[in-house]
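[1] sequence unknown, structure follows:
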């Protein structure tokens, strides 16, 4: 009995410690991403993403130089004085974070694992959105959608979204990015900014028997691109890009590296073949992004993840102003 009580207290203490560490990590992310938003992205975000249209604001008297196409003929006829219609941009946007939550995100050979990097990227977009009174929602996927948080605004809502990204225990260990995009297509009928964050492990399989998965991913991208402002972000760890030559190795979680054999021969020859395979998969992914004219980012664990975001926002803001 005493032993059982002791074990119960130990489990409770461990649960409290995990909760406290989660809260500390969320707070670190909030401080870090809020700083980036306030210092670097505050002006760029609004320039980057347009509202859903324009809304009528008011009517005023015509002045020389005004666009004659904006003349309100009904008011002009009624008053006998030319008037024009003024419009304002409907700024409110919905930002949907379509986030990979599969087991492969637990890989981390640097300061942060991929899940922590994904949480920071999601938080940066989310805090940028609520700073402009936009709404933020979450679709979390593995090979199916496991998490959905409806779009809302406000700091507490964003912190809850970040918490779900960090703490979710995936039911499936596989990854299928098309699942998240298909859910988005069924869910959102209007325009939104869709930020797709994943490591895209096995998104474009080369095996002939699984070509339908690659075609499904491409089709889902095309549908999402037509309806939404789609931003794919690839998160990678150096370890999965270049496996060291370690001989015969046993892997505990194969989905992390997109592998299927529990025991692998990582001789120099096999390690070199793996690097070539990874390079081919990355080239195919980049080629698909160019084909669909999707502007994407690649963030590598251990590198500065803030700078690519700042450059993305700046580059996009300049393009939108042209």
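    Yes, it's here. Model, not experiment: these values are computed from the prediction.

[2] which parts of the helix or strand hosting residue 158 are buried?
    Counting by DSSP states H and E, the secondary-structure element that holds residue 158 is helix 155-167. Neighbour-count burial for helix 155-167, counted by 16 or more other CB atoms under 10 Å, picks out 157-159, 161-166. In this view, the C-beta of every residue, glycine as well, is placed from N, C-alpha and C.

[3] same check, this time on stretch 301-317
    Neighbour counts using 16+ other CB under 10 Å place 301, 305-306, 308-310, 312-314, 316-317 of stretch 301-317 among the buried residues.

[4] Equivalent analysis for stretch 66-85, please.
    Neighbour counts over stretch 66-85 (16+ other CB under 10 Å) mark 71-72, 75-76, 83-84 as buried.

[5] Out of the residues you listed, which sit inside strands?
    For those, membership in strands holds for 83-84, with DSSP state E as the criterion.

[6] From the buried residues of stretch 66-85, pick the one nearest residue 272.
    Looking at those and their distance to residue 272, the nearest is residue 84, at 68.6 Å (CB to CB).

[7] Go ahead and confirm the closest one touches residue 64.
    No: in this structure, residue 84 is not within contact of residue 64 by CB atoms under 8 Å, at 11.7 Å.

[8] ok so, going back, output the buried residues of stretch 66-85 in a markdown table; the columns should cover pLDDT and distance to residue 30.
    Supplementary listing: these in a markdown table, determined by pLDDT from 0 to 100; distance: CB to CB, whole Å:
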| residue | pLDDT | distance to residue 30 |
| --- | --- | --- |
| 71 | 87 | 49 |
| 72 | 87 | 47 |
| 75 | 86 | 49 |
| 76 | 89 | 53 |
| 83 | 88 | 48 |
| 84 | 84 | 45 |
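
[9] which of the buried residues of stretch 66-85 lies closest to residue 286?
    Nearest to residue 286 among those is residue 84, at 47.7 Å by CB to CB.

[10] would you say residue 304 is within a strand?
    No: counting by DSSP: H, G, I helix; E, B strand; the rest coil, residue 304 is located in no strand; its state is coil.

[11] could you list every residue that touches it?
    Under the criterion of CB atoms under 8 Å, 6 or more residues apart in numbering, residue 304 has no contact partners.

[12] counting contacts, what elements does the helix or strand residue 233 falls within pack onto?
    Here residue 233 is covered by strand 229-236, with elements defined by DSSP H and E. With contacts taken as 3 or more CB pairs under 8 Å, 6 or more residues apart in numbering; DSSP states H and E, strand 229-236 sits against helix 114-131, strand 193-198, helix 211-227, strand 297-300.

[13] Serialize these to TSV and add fields for distance to residue 181, mean pLDDT and mean neighbour count.
    Putting these into TSV (distance: least, CB to CB, whole Å; pLDDT from 0 to 100; neighbours: other CB atoms under 10 Å) gives the following:
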stretch	distance to residue 181	mean pLDDT	mean neighbour count
helix 114-131	16	88	24
strand 193-198	7	93	25
helix 211-227	4	86	16
strand 297-300	17	89	18
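
[14] Which one, of those, ends up nearest to residue 142?
    Nearest to residue 142, of all those, is strand 193-198, at 10.5 Å by CB to CB.

[15] Given the closest one, what are its sheet partners and their directions?
    For strand 193-198, the pairing partners within the sheet under DSSP bridges are strand 94-100 (parallel), strand 229-236 (parallel).

[16] Could I get the buried residue list for the very next helix or strand once past the last one?
    If you walk from strand 229-236 toward the C-terminus, the next helix or strand you reach (DSSP H and E) is helix 238-241. Judged by neighbour count using 16+ other CB under 10 Å, the buried positions of helix 238-241 are 239-240.

[17] For helix 238-241, give the mean pLDDT please.
    Here the mean pLDDT over helix 238-241 is 76, rounded to a whole number.

[18] what's the distance between it and the middle of its chain?
    For helix 238-241, the separation from the chain centroid amounts to 20 Å (computed by CA atoms, centre = their mean, to the nearest Å).

[19] That one packs against which elements?
    Packed against helix 238-241 by the contact rule (3+ CB pairs under 8 Å, 6+ apart) you find helix 268-291.

[20] Could you tell me the phi and psi values at residue 59?
    Main-chain dihedrals, residue 59, degrees, to the nearest 10: phi -120, psi 140.
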